[in-house]
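**Q** task: produce atomic coordinates for the following.
(one chain, ligands or ions: 2)
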Amino acid sequence: MLPYEGMKVLGIETSCDETAAAVVEDGYVLLSNTVASSMDLHVAYGGVVPEIAARSHLEVINQVIQQALEDANTNWKDINAIAVTYGPGLGGSLLIGVINARTLAIAFNKPLYAINHVEAHAYANFLTTTPFASYQLRTVQPEFPMLALLVSGKHSEHILFRSHFDYSLLGQTQDDAIGEAFDKVAKMLGLPYPGGPSVGKKALDGDPNRYDLPKAHMGKYDFSFSGLKTAVLRLAQAEIGEDFTFPSKDLPSRLSERQKADIAASFQRIAIETLVDKTVAAYEEFAPKSVIIGGGVAASPELRHQLAARLPCSIEYPDLKLCTDNGAMVATLGCFMATHNRPTTDPYTLDIQPSLIM
Ligand code: KG4
Ligand code: ZN
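**A** Ligands and ions are numbered 1, 2, ... in the order given. Below is the predicted model of the structure:
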């Protein structure tokens, strides 16, 4: 087992369009967090283009890792272990991070930890200390049992962590992830990618109660967002007096700014309520000592607002920069793997798992 005090882990994350690396010490000190996003290159396509993402990871990864070490005022000699996301995510993107981590682990003779991206999102909540004034971290680490709501462009799930590495999936989306629903609704309304922030911004000018949109009734803790997305499409078509054959790509030029704002606000209210209904139900059933949120959609002010209004406990949030994909969450989980005697992985054979589940 590695020494706990002063243990520095380098985390590498390339599962989607962010090339990210970070150094975390002892599972709570954020020493650096470097992120290079290829988002600008994907905006024109309204979503992440896998080939473009993989190519840009390749172009910047060495530089990103070097920057993370420099910002942390550290060098290879002081790094105790490397942690890398090996799934779930885009195959070509994951491959760049994994190959780099494997090479570095072999070259510098460091233990290597294989990290589940979704699990890592929860661990952004364990960071409480940093020398950087630009980060607003939680003041304390969450306590177990811990109820986690993990919501991103690919995931929507509730997980109950009884302790580190002892958890159960309570429920998940049966079709689209909530972030994906935000991204698709943004496209229908002519709002830029990523849809979460742009729908949220547009919703500020709209009436969240203007339209009644349906909430899917799934199993106890499961979600479905595909019906809601279709309901938004039908609503938008009806608003301009067209039927279901009207192409969604032509909606933005026909909808008024008021209609767009009201649709954005009504969709956002229902989509977030769907999440929060189940968070409240899980809180009542399992009486966790803490509730945490993670993943890109955890940056949503509406989600934070509804949770604050409906949960009897208070929630501390990770910094916004630690909600979307980053290397710090990967390094943090790597620290806990090291201190909890979790197995390291073989740097000669570690493979990617694009469809990895929790
Ligand atoms: O975790 P993440 O960065 O990447 C994935 O693992 O998917 O999450 C990206 C998702 C996108 O769908 C984006 O629209 C959503 O998170 N998102 C937000 C916000 N910021 C990002 N959704 C709602 N409100 C936000 N402020
Ligand atoms: Zn993510």
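**Q** CA atoms only for the one helix or strand residue 251 maps to, dumped as CSV, please.
**A** According to DSSP states H and E, residue 251 maps onto helix 251-254. Output of helix 251-254 as CSV, limited to C-alpha atoms (Å, rounded to 0.1, in the frame of the first residue of the first chain):
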residue,chain,number,x,y,z
LEU,A,251,-38.1,25.1,-36.1
PRO,A,252,-35.6,27.8,-34.8
SER,A,253,-36.4,30.2,-37.6
ARG,A,254,-40.2,29.9,-37.1
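**Q** what's that helix packed up against?
**A** If you count contacts as 3 or more CB pairs under 8 Å, 6 or more residues apart in numbering; DSSP states H and E, helix 251-254 packs onto no helix or strand. To be clear about C-beta, it is placed using only N, CA and C from the backbone, and glycine gets the same treatment.
**Q** outside of it, which residues touch it?
**A** Under the contact criterion CB atoms under 8 Å, 6 or more residues apart in numbering, helix 251-254 has outside partners 188, 189, 190, 236, 237, 240, 242, 260.
**Q** give the ChimeraX command for selecting the buried subset of those residues.
**A** Per 16 or more other CB atoms under 10 Å, the buried members of these correspond to this ChimeraX selection:
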select :188,189,190,236,237,260
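**Q** now the next helix-or-strand element following the helix holding residue 251, how far from the chain's geometric center?
**A** Downstream of helix 251-254, the first helix or strand assigned by DSSP H and E is helix 257-286. Helix 257-286 sits 18 Å away from the centroid of its parent chain (CA atoms, centre = their mean, to the nearest Å).
**Q** how many residues are close by the nearest residue to residue 308 once chain neighbours are set aside?
**A** Leaving out its chain neighbours, the residue that sits closest to residue 308 by CB to CB, 6 or more residues apart in numbering is residue 315, at 7.0 Å. As a burial measure, residue 315 scores 17 neighbours (other CB atoms under 10 Å).
**Q** pLDDT score for residue 315?
**A** Note for residue 315: predicted pLDDT of 94.
**Q** thought it was touching residue 292?
**A** Yes - with contacts counted by CB atoms under 8 Å, residue 315 reaches residue 292, the gap being 7.2 Å.
**Q** circling back: can I get the contacts of helix 251-254 in CSV including pLDDT and secondary structure?
**A** As requested, the contacts of helix 251-254 are exported to CSV (pLDDT from 0 to 100; DSSP: H, G, I helix; E, B strand; the rest coil):
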residue, pLDDT, secondary structure
188, 97, helix
189, 98, coil
190, 97, coil
236, 98, helix
237, 98, helix
240, 97, coil
242, 97, coil
260, 98, helix
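**Q** of the contacts of helix 251-254, list those near ligand 1.
**A** With the criterion set as CB under 6 Å from any ligand atom, no member of these is near ligand 1.
**Q** can you pull out the strands in the stretch 201-350 of the chain?
**A** 290-294 (DSSP state E, counting those that start in this stretch).
**Q** in it, what residue lies closest to ligand 1?
**A** residue 296 (2.1 Å; CB to the nearest ligand atom).
**Q** that residue and residue 154, how far apart?
**A** 9 Å (CB to CB, to the nearest Å).
**Q** how is this structure partitioned into domains?
**A** Taking automatic domain parsing as the reference, the chain has its domains at 8-142+318-339, 169-310.
**Q** buried stuff in the helix holding residue 251?
**A** Residues of helix 251-254 classed as buried: residue 251 (neighbour count, 16+ other CB under 10 Å).
**Q** stretch 66-75 too?
**A** By neighbour count with 16+ other CB under 10 Å, stretch 66-75 contains the buried residues 67, 68, 69, 71, 72, 74.
**Q** please apply the same query to stretch 77-91.
**A** 79, 80, 81, 82, 83, 84, 85, 86, 87, 88, 89, 90.
**Q** for it, list the C-alpha coordinates in CSV.
**A** What follows is stretch 77-91, C-alpha atoms only, in CSV (Å, rounded to 0.1, in the frame of the first residue of the first chain):
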residue,chain,number,x,y,z
LYS,A,77,9.8,11.8,-8.9
ASP,A,78,7.0,13.0,-6.5
ILE,A,79,4.1,11.3,-8.3
ASN,A,80,3.1,8.1,-6.4
ALA,A,81,0.6,6.7,-8.9
ILE,A,82,-1.3,7.4,-12.2
ALA,A,83,-5.1,7.1,-12.6
VAL,A,84,-6.8,7.0,-15.9
THR,A,85,-10.4,6.8,-17.2
TYR,A,86,-10.8,3.6,-19.1
GLY,A,87,-14.6,3.8,-19.6
PRO,A,88,-17.4,4.5,-20.3
GLY,A,89,-16.9,7.0,-23.1
LEU,A,90,-16.0,7.4,-26.8
GLY,A,91,-13.6,4.6,-27.9
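**Q** give me the contact status of it with ligand 2.
**A** No - Stretch 77-91 stays clear of ligand 2 (CB under 5 Å from the ion), getting no nearer than 8.0 Å.
**Q** quick one, helices of this structure?
**A** 39-43, 50-71, 91-107, 117-123, 178-188, 195-203, 226-239, 251-254, 257-286, 301-310, 327-339 (DSSP state H).
**Q** so residue 199 makes contact with residue 266?
**A** No - checked against CB under 8 Å, the pair residue 199 and residue 266 is beyond contact range at 10.8 Å.
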